[in-house]
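> Here's a sequence, model it:
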Amino acid sequence: MRILVKLVIVGLLLVGTFLFSYKAQQPVTPRKPPTNVPRSKKTNHDLLTTKQLHDNQLLYFAAIINYATSNITDGRWQEIKHPSNGWQIEPHLVSGTTRYFVWPDKQATADQKMVMPNWFSVSDNVVTLHSFIIHSGGQDVVHEISVQEIIHWHNQSQVRLQRLEKIQANSRLLTEMTQKKGLIDKPMRPFLSKLLTQTLI
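Numbers count the residues shown, from 1 in each chain. Below you'll find the predicted structure:
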């Protein structure tokens, strides 16, 4: 009887060992992620082109603002890098050249335009960036950059293209150009008197 019990126990141990060994040899199947879980999608912006800038003036000016506020550290371009209410671009005709004033508020009114803003001009494929230095006797910090350099800088990073899109969406381009004495806002005259000498005469 004892021998029979021992044989049963040994048999059970052998079966258990066989089953454990067989299970350990089976390949482990990786779990598949749930198909109903939404995955975040990253939007890839198309590379910027010269044609796009020529066909879309607001995009062109937004690219200039993005480049200037990201790269020009002297002057006052950094002051308008993150305005809470976008940008306003106001054209002024001075001696036959259009100068684009950049205000840190797309709804900026005459009463808010008390200090000479940053501005730029465009000639052929060159952009000239100006930043007025307060208490300097009318001196500007001036930088020149080619349109191709601006395009190349944007196309190096999706983050830059994404910010360009935001600047364009939050910018307002005024269509009426200031070019006569009667159209210049009174609060701006002390600051524009030297800038617009030929216009005001």
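> in stretch 108-120, what's buried?
Neighbour counts using 16 or more other Cβ atoms under 10 Å place 108, 113, 116, 117, 118, 119, 120 of stretch 108-120 among the buried residues. Placement of C-beta: from N, CA and C, glycine included.
> out of those, who's nearest residue 177?
Closest to residue 177 out of these is residue 119 (13.3 Å), distances taken as Cβ to Cβ.
> separation between the closest one and residue 102?
Distance, residue 119 to residue 102, using Cβ to Cβ, to the nearest Å: 6 Å.
> sorry, back to before: which of the buried residues of stretch 108-120 has the weakest pLDDT?
Least confident of the buried residues of stretch 108-120 in the model: residue 116, at 89.
> For it, give its distance to residue 134.
In this view, residue 116 and residue 134 are 8 Å apart by Cβ to Cβ.
> if we can go back for a sec, mind listing which of the buried residues of stretch 108-120 are in strands?
Among the buried residues of stretch 108-120, the residues falling in strands (DSSP state E) are 118, 119, 120.
> Just send the residues you listed back as JSON lines, with distance to residue 175 too.
Formatted as JSON lines, these follow (distance: Cβ to Cβ, whole Å):
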{"residue": "118", "distance to residue 175": "20"}
{"residue": "119", "distance to residue 175": "17"}
{"residue": "120", "distance to residue 175": "17"}
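> List the contacts of residue 43.
When contacts are counted by Cβ atoms under 8 Å, 6 or more residues apart in numbering, residue 43 touches residue 162.
> Does it fall in a helix, a strand, or a coil region?
Classification of residue 43 using DSSP: H, G, I helix; E, B strand; the rest coil returns coil.
> What of residue 162?
At residue 162 the chain is in helix, as set by three-state DSSP.
> Surely it is in contact with residue 45?
Yes: if you go by Cβ atoms under 8 Å, residue 162 and residue 45 touch, sitting 6.2 Å apart.
> where exactly do the strands run in this protein?
87-94, 97-103, 118-123, 126-132, 140-146, 171-173.
> now the residue lying closest to residue 132 once chain neighbours are set aside: how far from residue 133?
The spatially closest residue to residue 132, leaving aside those adjacent along the chain, is residue 116, at 4.1 Å (Cβ to Cβ, 6 or more residues apart in numbering). In this view, residue 116 and residue 133 are 9 Å apart by Cβ to Cβ.
> And for residue 176?
28 Å.
> Looking at these two, which has the bigger crowd around it?
residue 133 (14 against 8; other Cβ atoms under 10 Å).
> contacting residues for the more buried one?
75, 76, 139, 140, 141.
> shouldn't residue 48 be in contact with residue 165?
No: with contacts counted by Cβ under 8 Å, residue 48 stays clear of residue 165, the gap being 10.4 Å.
> and residue 143, how many neighbours does it have?
Using other Cβ under 10 Å, residue 143 is surrounded by 18 other residues.
> Kindly report the same for residue 146.
By other Cβ under 10 Å, the burial measure for residue 146, its neighbour count, is 12.
> If it is in a bridge, with which residues?
residue 126 (DSSP bridges).
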